[in-house]
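Trainee: What shape does this take:
(one chain, ligands or ions: 1)
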Amino acid sequence: MPFDLFEVDKEIPERKKHIYIKDSKDPKEHIPACNTTTVPGCMTERGCAFAGAKGVITGAIKDALHVVHSPVGCTAYAYGTKRYPTTPDMPNGDKFPIDNFNLKYITGTDIRESDVVFGGMDKLKKCILEANKEFPEANAIYTYATCTTGLIGDDIDAVSREVAEEIGKDVIAINAPGFAGPSQSKGHQVANDVLFESLVGTKEPPRTTEYDVNLIGEYNIDGDLWVLREYFDEMGINILSTFSGDCCHDEIGWMHRAKLSLVRCQRSSNYIAKLLKERYDIPYIKVDFFGIRYPTENLKALGEYFGKEEEAEKVIESRMKWIRPELDKLKEKLQGKKVWVFSGGPKNWHLPEPLEEELGMDVVAVSTMFEHEDGYEKIKERVGENTVIIDDPNSLEAEEIIEKYKPDIVLSGVKEKYLAHKMGVPCILIHSYENGPYIGFEGFLNLAKDMYAAIYNPVWKLMEFEQEIEEEISAENHARRRGPS
Ligand code: CFM
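Mentor: Sure, this is the predicted structure:
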């Protein structure tokens, strides 16, 4: 069977089934084991369910205030961790008074030992009221259970309901304590379900058109949403609600008024798209806007759906006429370079084909933190023979990937970036990006430019120099240890 046990995993043989080497002769069903609890003994790179809910879904909303019911650590780590900027523009034409409010503030209950013993619900109530007083401009408050408060069984739903009545605002309780699932992926699901059940259908949009869509699973990482919005505007398609990049709280409440849902991130937000289909009969299509071919195909499909084929062609042509020559220049520099792609999940199937088709790169390794089977099936379809596909790699495996597969560049998150740098390998961030946006035609060009700048940075030449010094030092140490001969 095409599974591999890494050297560093000799003591944890359970890891073997998570490391699969693409083998075209292999029957279709073989993919790495996934979406299970991390094997004990592994230093996982994953986040927790609470991180999935707050860090991914709700943290992007521009006018909501968050109250984390936790010891101070969970609150502090939920602050400003993700690059999803917002505009102050509200759908009714108003401006939200605080710029990038979602990136600037977090509040929490600072749970202590006595609260664990006697319960922290009173403290939570007090904290929500204080937070609301401090930020009266916030249009809604979201409260979160975390491991500690989930374990002691504090009823955050009851407290949130009570306060909502008192202050006359939506107070939404999100019950995704860290232990709710094996990774952040569970938190995505909980947040989808809660937001759907408590909000969708409760608000009406200021205006509607025949071309209203929900753009689901687009979090505006480093401005991704704004690229897509330009395309849609030019085509005459109106984004009625985004879930949840640069969106306001009320937008979620009127998602039921859209004509179609587009599912961009197909890991974190399938759930709400399916619920909208089930309860409101809003069809959804899955879309991919990374690279060149995928946005081309998907904009055309969208054009066809709304009878706006010509508009779609115009968007594509106007970009490609200046992007293609630039990409071709970069291709000369990037051709043949080996890549390891490591993201949460979907970016691992969005990126390999574009990197190979458009830039002639060679994707040698792909790994995800929390992808499920459907995502691994797509990854398997889109990578070449012998590419290693790893589920939830631990830190030591990450080093072994670099040693064994010798990538020229790593595309990953910040946890792996400095590990790669220490090993002398360039790395750029594909979670939060370097000089994004990375989506769409312009975004793919940005990604190519960033890869070029990282690989050809003269600093790597100094690494060789450093290596020489290290060799000298270790030779000296060795001689010293052996003593005078
Ligand atoms: Fe969706 Fe995302 Fe991703 Fe994700 Fe994430 Fe992300 Fe990601 Mo980092 S929502 S699953 S939980 S596309 S933060 S913007 S990059 S791991 S592949």
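
Trainee: pretty sure residue 181 is touching residue 51, no?
Mentor: No - counting by Cβ atoms under 8 Å, residue 51 is not a contact partner of residue 181; they are 11.2 Å apart. Bear in mind the C-beta positions are built from the backbone N, C-alpha and C, glycine included.

Trainee: intersection of neighbour lists for these two?
Mentor: Residues touching both residue 181 and residue 51 (Cβ atoms under 8 Å, 6 or more residues apart in numbering) are residue 187.

Trainee: What residues does the stretch 101-250 of the chain have near the ligand?
Mentor: 184, 219, 221 (Cβ under 6 Å from any ligand atom).

Trainee: residues touching the closest residue to the ligand within the chain, list them.
Mentor: Going by Cβ to the nearest ligand atom, the ligand is nearest to residue 344 of the chain, at 2.1 Å. The contact partners of residue 344, by Cβ under 8 Å, 6+ apart, come to 184, 185, 267, 368, 369, 370, 371, 431.

Trainee: Can you list which of those residues are found in helices?
Mentor: Using DSSP state H, the subset of the contacts of residue 344 located in helices is 184, 185.

Trainee: wait, does the helix or strand where residue 357 lies contact the ligand?
Mentor: For residue 357, the enclosing helix or strand under DSSP states H and E is helix 352-359. No - applying Cβ under 6 Å from any ligand atom, one finds helix 352-359 separated from the ligand by no less than 13.0 Å.

Trainee: Report all helices and strands that the helix or strand of the chain with the lowest mean pLDDT contacts.
Mentor: Every helix and strand in the chain was compared by mean pLDDT, DSSP states H and E; the lowest is helix 459-482, with a mean of 74. Applying 3 or more Cβ pairs under 8 Å, 6 or more residues apart in numbering; DSSP states H and E, one finds that helix 459-482 contacts no other helix or strand.

Trainee: So for the residue lying closest to residue 23 once chain neighbours are set aside, what's the pLDDT?
Mentor: In space, residue 23 comes closest to residue 2 once its chain neighbours are excluded; the distance is 4.0 Å by Cβ to Cβ, 6 or more residues apart in numbering. At residue 2, the model reports a pLDDT of 92.

Trainee: swap in residue 106?
Mentor: Per the predicted model, pLDDT is 96 at residue 106.

Trainee: Let me know how buried it is, in neighbour terms.
Mentor: When neighbours are defined as other Cβ atoms under 10 Å, residue 106 has 21 of them.

Trainee: Distance of it relative to residue 377?
Mentor: Separation of residue 106 from residue 377 (Cβ to Cβ, to the nearest Å): 37 Å.

Trainee: Same question for residue 262.
Mentor: From residue 262 to residue 377 the distance is 21 Å (Cβ to Cβ).

Trainee: Around the ligand, which positions in the stretch 251-400 of the chain sit nearby?
Mentor: Counting by Cβ under 6 Å from any ligand atom, the stretch 251-400 of the chain sits next to the ligand at 265, 267, 268, 343, 344, 345, 346, 347.

Trainee: In TSV, list these along with pLDDT and secondary structure.
Mentor: Output for these, formatted as TSV (pLDDT from 0 to 100; DSSP: H, G, I helix; E, B strand; the rest coil):
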residue	pLDDT	secondary structure
265	98	coil
267	98	coil
268	98	coil
343	98	strand
344	98	coil
345	97	coil
346	98	coil
347	98	helix
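
Trainee: right, and residue 463 touches residue 424 too?
Mentor: Yes - judged on Cβ under 8 Å, residue 463 makes contact with residue 424 at a distance of 4.4 Å.

Trainee: Just the buried positions in stretch 108-118, please.
Mentor: 108, 109, 110, 111, 115 (16 or more other Cβ atoms under 10 Å).

Trainee: The nearest residue to the first one once chain neighbours are set aside: which element?
Mentor: It refers to residue 108. Nearest in space to residue 108, with sequence neighbours left out and distances taken as Cβ to Cβ, 6+ apart, is residue 75 at 2.9 Å. Using DSSP H and E, residue 75 maps to helix 72-77.

Trainee: That helix: which residues count as buried?
Mentor: By 16+ other Cβ under 10 Å, the buried positions in helix 72-77 come out as 74, 75, 77.

Trainee: For those, give me a markdown table that also has pLDDT and distance to residue 407.
Mentor: A markdown table is the format used below for these (pLDDT from 0 to 100; distance: Cβ to Cβ, whole Å):
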| residue | pLDDT | distance to residue 407 |
| --- | --- | --- |
| 74 | 97 | 34 |
| 75 | 97 | 36 |
| 77 | 92 | 29 |
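
Trainee: Show me which of these is closest to residue 95.
Mentor: Comparing the buried residues of helix 72-77 against residue 95 with Cβ to Cβ places residue 75 closest, at 28.1 Å.
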